[in-house]
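Q: my questions concern the predicted model and sequence given below.
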Amino acid sequence: MKKHRMTMHLRSALLSLCVVLVTYAAYLHQVLGGAKAPSIHALCPFGGLESLYQVFTTGSFIGKIFAGTMTLFVLTLVLAILFRRSFCGLICPFGAIQEFFAKLGQKIFKRRKVMPAALDKPLRYLKYLVLAVTVVYAWKTAGLWMAPYDPWSAYGHLSNGLESVWQESAVGLIILGITILGSLIYDRFFCKYLCPMGALYGMIGKLSPFKVVRNESLCVNCGLCTKNCPMNIDVQHSLKISSAECINCQTCVLNCPQTNTLNSYEGQRIIQPLSVIIIVLIVFFGSIFAAQAAGVYRLTPDALKAGEAIGYDEVKGYMSIKEAAESSKTELKEFYETFKIPANVPAETKMKEISTVSPGYDFDNAKESLKELK
Ligand code: SF4
Ligand code: SF4
């Protein structure tokens, strides 16, 4: 049991590390800009899914998405085939944030609350609808149309201040609030009901040889597995967990007091929880390091990094007018004229914030009208 407790702490520590690293990267993106630090969209595998149609039809990525994002997307699919939704249970920082709030909620309410079955069952299908709608629209519009409604994007921009996030993505901020409040009451609220990637990994995970198996003859029916499952799967009364809801967090196995009663199997082979965690991390982060070494893991625009002139279509909202003019190698005065920026707007203003100084200015429209120019 002591060994299991250490594995539980290790898992929590690794998830915390993922949250800290991604939060720091999102903060750096806000202060350094997209040339030096990737956006929260580039760091999310969902961006790869949103870009998929454009990659197949034109060979290019949609805005803010790069080859590294596609690498993340493919890696999470590989993990889903090998270890079901292990990205959700062992790596995803947004899932981890929900777990932390769930732990806080359990301290407040003194127990893990379970959504009534009559509501829980239909709500679980909601994420498949979110998946279908978001993917169809992303492929149709060839853009990150969901960004203003995305709670993860809202989280990644929090370092700009609540007012700025509210102005840019009020709906995303509201969903982030609902996710946090929901997680205080019901563990993994967003994962269970709303996450499109969870829906996709769950479906793909059905092909996986990985499963948690209960040995009925050794089970003492203590119910600790079911009680501790963040996805509320009834492990105690199952012989094999084949549910698309299982996030492979290993919590049930780690909480079972009986030796060899709950085991994780890859095919016919038993794998200990610690090994599952280590293998998943090696596959995921090892592949990222390998892709980085091979020079194919890029999360920022090439031209910006290399110091070459970027096209007007690559001017980003986080750039100041001055930075955008310099990056596109355009005289500041000419840049103001080209982007139709009123002269009273200071050059230090971020492109996406011009409208706060000059109401009515629409950065996206200005950029769209210049598509053919540079
Ligand atoms: S069944 Fe076990 S591994 Fe799957 S989500 Fe529940 S606790 Fe985690
Ligand atoms: S925790 Fe282990 S012993 Fe208890 S009900 Fe679950 S499988 Fe059986």
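A: Ah, there it is. Ligands and ions are numbered 1, 2, ... in the order given.
Q: C-alpha only now, for contacts and for neighbours.
A: OK.
Q: how about the residues of this protein near ligand 1?
A: Neighbours of ligand 1 within the chain, by Cα under 6 Å from any ligand atom: 229-231, 233, 235, 246-252.
Q: so what's the residue most central in space within the chain up against?
A: In the chain, the centroid-proximal residue (Cα atoms, centre = their mean) is Cys44; its distance is 4.3 Å. By Cα atoms under 8 Å, 6 or more residues apart in numbering, the contact set of Cys44 is 69, 72-73.
Q: where does the stretch 1-150 of the chain dip in pLDDT?
A: 1-2, 33-36, 56, 59-65, 142-143 (pLDDT under 70).
Q: closest point of it to ligand 1, which residue?
A: With Cα to the nearest ligand atom as the measure, Gly89 is the residue of the stretch 1-150 of the chain nearest to ligand 1, at 7.2 Å.
Q: would you mind confirming that that residue makes contact with Thr251?
A: No. With contact defined as Cα atoms under 8 Å, Gly89 does not count as touching Thr251 (9.4 Å).
Q: just want to know which of the two has more residues nearby.
A: Per other Cα atoms under 10 Å, whichever of Gly89 and Thr251 has more neighbours is Gly89, with 24 against 21.
Q: need the phi and psi values for the more buried one.
A: Main-chain dihedrals, Gly89, degrees, to the nearest 10: phi -90, psi -20.
Q: measure the residue nearest to the centre of the chain to Gly205 for me?
A: Note on Cys44: its distance to Gly205, by Cα to Cα, to the nearest Å, is 19 Å.
Q: equivalent analysis for Val133, please.
A: Distance of Val133 to Gly205, given as Cα to Cα: 21 Å.
Q: helices along the stretch 1-150 of the chain, start to end?
A: Assigned by DSSP state H, counting those that start in this stretch, the stretch 1-150 of the chain shows helices spanning 2-32, 45-58, 67-83, 86-90, 93-109, 117-124, 126-141.
Q: give me the helices and strands touching the first one, please.
A: Helices and strands touching helix 2-32, by 3 or more Cα pairs under 8 Å, 6 or more residues apart in numbering; DSSP states H and E, are helix 86-90, helix 93-109, helix 151-156, helix 251-255, helix 273-293.
Q: and the angle for that helix with helix 93-109?
A: Inter-element angle recorded for helix 2-32 and helix 93-109: 120 degrees (by axes from the mean of the first three to the mean of the last three Cα atoms, to 10 degrees).
Q: number of nearby residues for His9?
A: Burial measure for His9: 12 neighbouring residues, criterion other Cα under 10 Å.
Q: need the residues of the stretch 101-250 of the chain near ligand 2, please.
A: 214, 219-225, 236.
Q: output the residues you listed as TSV; include the columns secondary structure, pLDDT and neighbour count.
A: Output for those, formatted as TSV (DSSP: H, G, I helix; E, B strand; the rest coil; pLDDT from 0 to 100; neighbours: other Cα atoms under 10 Å):
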residue	secondary structure	pLDDT	neighbour count
Arg214	strand	97	21
Cys219	coil	96	17
Val220	coil	96	12
Asn221	coil	95	11
Cys222	coil	95	12
Gly223	coil	95	16
Leu224	helix	95	17
Cys225	helix	96	24
Gln236	helix	96	21
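Q: sorry, back to before: so which of the helices of the stretch 1-150 of the chain is nearest Cys191?
A: Judged by Cα to Cα, the one of these that comes nearest to Cys191 is helix 93-109, at 6.7 Å.
Q: gap between Gly198 and ligand 2?
A: 25 Å (Cα to the nearest ligand atom, to the nearest Å).
Q: for Tyr201, same thing?
A: Going from Tyr201 to ligand 2 by Cα to the nearest ligand atom gives 25 Å.
Q: next one: Leu104
A: As for Leu104, its distance to ligand 2 is 23 Å (criterion: Cα to the nearest ligand atom).
Q: low-confidence ranges in the stretch 201-350 of the chain?
A: Ranges of the stretch 201-350 of the chain meeting pLDDT under 70: 299, 301-307.
Q: show me where it has its strands.
A: With DSSP state E, counting those that start in this stretch as the criterion, the stretch 201-350 of the chain has strands at 210-214, 240-241, 262-266, 269-271.
Q: closest to Phe210 among the contacts of Cys44?
A: Nearest member of those to Phe210, counting by Cα to Cα, is Phe73, at 19.9 Å.
Q: contacting residues around the closest one?
A: 44-49.
Q: format those residues as a markdown table; extra columns: distance to ligand 2.
A: Converted to a markdown table, these look like this (distance: Cα to the nearest ligand atom, whole Å):
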| residue | distance to ligand 2 |
| --- | --- |
| Cys44 | 34 |
| Pro45 | 33 |
| Phe46 | 34 |
| Gly47 | 38 |
| Gly48 | 37 |
| Leu49 | 36 |
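Q: which of those residues sits closest to Ser327?
A: Closest to Ser327, out of all of those and judged by Cα to Cα, is Gly47, at 24.5 Å.
Q: which residues does the closest one contact?
A: Gly47 touches 41, 65, 69-70, 73, 144, counting by Cα under 8 Å, 6+ apart.
Q: same question for Ala325.
A: Contacts of Ala325 by Cα under 8 Å, 6+ apart are 331-332, 335.
Q: among those, who's most crowded?
A: Highest neighbour count within the contacts of Ala325, by other Cα under 10 Å: Phe335, with 19 neighbours.
Q: please report phi then psi for the residue in the stretch 251-374 of the chain positioned nearest to ligand 2.
A: For the stretch 251-374 of the chain, the residue positioned closest to ligand 2 under Cα to the nearest ligand atom is Cys256, at a distance of 3.6 Å. Cys256 adopts backbone torsions of phi -70, psi 120, taken as degrees, to the nearest 10.
Q: with Lys340 instead?
A: Lys340 adopts backbone torsions of phi 50, psi 50, taken as degrees, to the nearest 10.
Q: count of neighbours near it?
A: Lys340, neighbours per other Cα under 10 Å, totals 14.
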